[in-house]
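In: Could you work out the structure for the sequence below:
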Amino acid sequence: MYEPKTKVTDNSVIEFVEQIDNLRKREDAYRLLDIFSETTGYPAKMWGPSIIGFGTYHYKYATGHEGDAPLAGYSPRKAKISLYFAPGDTKRDALLQKLGKHTAGKGCVYVNKLDDIDTNVLKELIQQSVEVLKERYGE
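Out: As a prediction, the model looks like this:
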């Protein structure tokens, strides 16, 4: 049976952020911690070794694959900061057009630094992700 690699852990979010070598990236990680915490209303939790997630939902696909994931989150990776939002959100594209300098994948948005984006639009993306996932999978 499939076992998800990314699960919530008891690891310290602050210890993880403090280990970020790049000072600007560490400062951005702390700013994101505040933004995501305030916007979602959920405490930060480590998901796997490098994702900071907020809230949780349980998904189950038609294939039988199921698991838990954060409603929204981020990871201050070496190359770029990965922002995790609900995949398949129909309103996401319109918000991304207003976000600022970024690239996007199916569920991830990548930014170099927070100064490149509009944090008010980021808050809208976070709120939208939480709403979509709660509607799709329930509380």
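
In: Quick check on Ile51: phi, psi?
Out: Backbone geometry at Ile51, expressed as degrees, to the nearest 10, gives phi -110, psi 130.

In: Now do the contacts for the closest residue to it other than its chain neighbours.
Out: Spatially, and ignoring its direct neighbours in sequence, Ile51 is nearest to Ser75 (4.8 Å; C-beta to C-beta, 6 or more residues apart in numbering). For glycine as for every other residue, the C-beta is placed from the backbone atoms N, C-alpha and C. Applying C-beta atoms under 8 Å, 6 or more residues apart in numbering, we find Ser75 in contact with Ser50, Ile51, Ile52, Ile81, Ser82, Tyr84.

In: between these, which is nearest Lys60?
Out: Relative to Lys60, the closest of the contacts of Ser75 is Tyr84; by C-beta to C-beta it sits at 19.1 Å.

In: Quickly list what the residue nearest to that closest one when sequence neighbours are not counted is bridged to.
Out: Nearest-residue entry for Tyr84: Gly73, 4.4 Å, with adjacent residues in sequence omitted and distances by C-beta to C-beta, 6+ apart. In this entry, Gly73 is beta-bridged to Gly53, Tyr84, by DSSP bridges.

In: what about Gly73, neighbour count?
Out: For Gly73, the neighbour count with other C-beta atoms under 10 Å is 26.

In: That one against Ile81, yeah?
Out: No: at 11.2 Å, Gly73 does not count as touching Ile81 under the criterion of C-beta atoms under 8 Å.

In: So which residues of this protein form strands?
Out: Counting by DSSP state E, the segments of the chain that form strands are 44-47, 51-54, 57-60, 66-69, 72-76, 81-84, 103-104, 108-111.

In: Which among these is found nearest to Asn22?
Out: For the strands of the chain, proximity to Asn22 was assessed by C-beta to C-beta; strand 72-76 is nearest, at 8.3 Å.

In: CA-only coordinates of the closest one, as CSV, when you get a sec.
Out: Taking Å, rounded to 0.1, in the frame of the first residue of the first chain, the C-alpha atoms of strand 72-76 are listed here in CSV:
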residue,chain,number,x,y,z
ALA,A,72,-1.6,25.8,2.4
GLY,A,73,2.2,26.0,3.0
TYR,A,74,5.6,26.9,1.8
SER,A,75,9.2,25.7,1.7
PRO,A,76,12.2,28.1,1.6
